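Undergrad: compute the structure for the input listed below.
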Amino acid sequence: MKNKVTMQDIADHLQISKNSVSQALTGKDGVSEATRALVKETAERLGYVYRKSRRGRQSEAAAPPASIDPSAVLQDGGTIALIASDYAFSRKSFFGDIYLSVDKELKKYGYELVIQSISPEDAEALRLPAFVENRSVDGILILSHITTPYVQAVLDTGIPAVLIDHHHPSLQADSILTNNRFSAYEGVRHLIELGHKDIGFMGDIDYSPSHYERLEGMRLAAFEAGIRLREDWLIQDAVEDSSYVHGAIAQMQERPTAWFCVNDGFGFMITSALQHLGVKVPQEASVVSFDNGYLSQVCTPPTTTLDVNRRLFATYAIKQLFSRLENPDQPYTEILLPTQLLVRESTAPPPGRAEER
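TA: Purely as a prediction, here's the structure:
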């Protein structure tokens with residue numbers, strides 16, 4: 001059986017970049033009209049199948065995604081792809097819930113879901129899944145952070161796409177996000193209201209804009225309370241590894257009385273490290289984390305956390321994707337979803353305040 005022709009085949013034939021081929025075929029700026037015509041002629045000659053959305057492109061103004069009824073938009077079914085990094089798929093307690101919710105929601109409207117994990121090597125080489133290269137899917141959901149160049153390469157194919165739990169200033173796409181700043185603000189505000197002034201941060205802000213925004217929310221809460229955060233207690237390049245976390249805390253000559261962690265994994269590891277070092281949680285140190293995943297629930301004591309409603313991610317992502325399929329020229333939209341602070345046994349007043357009470 002003859003293999004399907006891909007954009008890379010066209011690029012190799014013409015000795016130009018795959019990105020230029022994508023720009024030419026999708027009508028985007030960045031190539032001359034002569035190059036665009038040559039690419040289209042070559043694509044047709046080689047037998048490249050350039051699949052458009054089922055309803056075609058329209059130019060009418062879009063209604064807000066919440067008002068779109070998916071069953072009325074595309075009634076003939078189809079296939080939606082979900083792609084994410086190996087790391088994201090490894091976080092089964094969080095992203096697994098989103099994947100299952102997406103699959104369940106799509107089945108209501110007769111759509112099939114195909115998934116693909118993107119390895120670091122594929123991301124580095126900008127190797128797209130075959131169903132993306134061949135345009136054999138109607139839309140794409142991009143879950144969490146891969147790399148900005150890789151996500152851009154997916155967007156350059158022209159297949160309608162929605163980002164879930166990720167965004168970036170250079171990416172022109174619809175995004176469904178947690179309200180990271182305000183949620184982190186609420187978590188840190190809880191610590192401040194308990195009386196904590198010495199608060200540390202644990203996370204890797206280079207991993208994704210979401211993690212950076214959570215640090216910004218922490219800074220906002222501290223600023224409003226008139227608290228000056230110690231920069232040496234803000235571990236912004238942390239590795240999500242128990243040995244690393246234990247070592248980072250053990251080497252501190254002075255320690256915070258409370259920690260805000262960028263996710264539940266770090267919250268679990270900090271609690272374990274503190275207890276191993278003889279620090280009682282929450283009597284001597286409090287911990288707040290983010291996501292309300294499995295680790296926050298099985299931790300001893302259970303971790304106070306910001307609960308992210310994963311089902312809402314699925315619902316809004318699919319509505320926005322179907323809205324994009326129906327109205328491809330509508331302005332790009334970012335939707336911020338709220339969280340809920342779940343106060344558990346990992347937070348209490350700092351030692352001095354607890355004794356006063």
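Undergrad: and the strands in this structure?
TA: Using DSSP state E, the strands assigned to the chain run over residues 78-85, 111-118, 139-143, 161-164, 174-178, 199-202, 234-235, 258-261, 286-291, 304-308, 334-337, 339-342.
Undergrad: contacts only, for Leu234.
TA: Neighbouring residues of Leu234 by CB atoms under 8 Å, 6 or more residues apart in numbering: 200-201, 215. Using the backbone N, CA and C atoms, a C-beta is placed for each residue, glycine as well.
Undergrad: including distance to Pro149 and mean pLDDT, could the strands of the chain go into JSON lines?
TA: As requested, the strands of the chain are exported to JSON lines (distance: least, CB to CB, whole Å; pLDDT from 0 to 100):
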{"stretch": "strand 78-85", "distance to Pro149": "13", "mean pLDDT": "94"}
{"stretch": "strand 111-118", "distance to Pro149": "12", "mean pLDDT": "94"}
{"stretch": "strand 139-143", "distance to Pro149": "13", "mean pLDDT": "96"}
{"stretch": "strand 161-164", "distance to Pro149": "14", "mean pLDDT": "96"}
{"stretch": "strand 174-178", "distance to Pro149": "17", "mean pLDDT": "96"}
{"stretch": "strand 199-202", "distance to Pro149": "28", "mean pLDDT": "98"}
{"stretch": "strand 234-235", "distance to Pro149": "27", "mean pLDDT": "98"}
{"stretch": "strand 258-261", "distance to Pro149": "29", "mean pLDDT": "98"}
{"stretch": "strand 286-291", "distance to Pro149": "27", "mean pLDDT": "97"}
{"stretch": "strand 304-308", "distance to Pro149": "27", "mean pLDDT": "97"}
{"stretch": "strand 334-337", "distance to Pro149": "21", "mean pLDDT": "96"}
{"stretch": "strand 339-342", "distance to Pro149": "30", "mean pLDDT": "98"}
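Undergrad: that older thread, can I have the buried ones of the contacts of Leu234 as a PyMOL selection?
TA: Of those, the buried ones go into a single PyMOL selection, burial set by 16 or more other CB atoms under 10 Å:
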select buried, resi 200+201+215
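Undergrad: go through the contacts of Leu234 and say which is closest to Gly110.
TA: Closest approach to Gly110 among the contacts of Leu234 (CB to CB): Leu215, at 42.3 Å.
Undergrad: now do the phi/psi pair for the closest residue to the closest one other than its chain neighbours.
TA: Spatial nearest neighbour of Leu215, excluding adjacent residues (CB to CB, 6 or more residues apart in numbering): Ile205 at 5.6 Å. Backbone torsions of Ile205, given as degrees, to the nearest 10, read phi -70, psi -10.
Undergrad: equivalent analysis for Ile146, please.
TA: Dihedral angles of Ile146 (phi, psi; degrees, to the nearest 10) stand at phi -110, psi -90.
Undergrad: could you measure from it over to Ser85?
TA: For Ile146, the distance to Ser85 (CB to CB, to the nearest Å) stands at 5 Å.
Undergrad: which residues are common contacts for these two?
TA: Contact criterion CB under 8 Å, 6+ apart; residues shared by Ile146 and Ser85: 118, 123.
Undergrad: could you count how many residues lie near the residue nearest to Ala248 when sequence neighbours are not counted?
TA: The spatial neighbour of Ala248 that comes closest, neighbours along the chain excluded (CB to CB, 6+ apart), is Ile235 at 5.8 Å. Neighbour count for Ile235, taken as other CB atoms under 10 Å: 23.
Undergrad: go on, Asn134?
TA: As a burial measure, Asn134 scores 19 neighbours (other CB under 10 Å).
Undergrad: so can I have JSON lines of the strands of the chain showing distance to Pro350?
TA: Below are the strands of the chain laid out as JSON lines (distance: least, CB to CB, whole Å):
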{"stretch": "strand 78-85", "distance to Pro350": "38"}
{"stretch": "strand 111-118", "distance to Pro350": "43"}
{"stretch": "strand 139-143", "distance to Pro350": "38"}
{"stretch": "strand 161-164", "distance to Pro350": "37"}
{"stretch": "strand 174-178", "distance to Pro350": "28"}
{"stretch": "strand 199-202", "distance to Pro350": "10"}
{"stretch": "strand 234-235", "distance to Pro350": "18"}
{"stretch": "strand 258-261", "distance to Pro350": "7"}
{"stretch": "strand 286-291", "distance to Pro350": "8"}
{"stretch": "strand 304-308", "distance to Pro350": "15"}
{"stretch": "strand 334-337", "distance to Pro350": "32"}
{"stretch": "strand 339-342", "distance to Pro350": "19"}
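Undergrad: show me the shaky parts of the stretch 51-200 of the chain.
TA: Applying pLDDT under 70 to the stretch 51-200 of the chain flags the ranges 51-76, 93.
Undergrad: what are the ranges of the helices in it?
TA: Applying DSSP state H, counting those that start in this stretch to the stretch 51-200 of the chain gives helices spanning 70-73, 86-90, 97-107, 120-125, 130-133, 148-155, 180-194.
Undergrad: ranking these by burial, who's on top?
TA: Across the helices of the stretch 51-200 of the chain, averaging neighbours per residue (mean count of other CB atoms under 10 Å) puts helix 180-194 on top, at a mean of 21.
Undergrad: circling back to that earlier point, counting neighbours, what do you get for the residue nearest to Leu215?
TA: Neighbours of Ile205 (other CB under 10 Å): 20.
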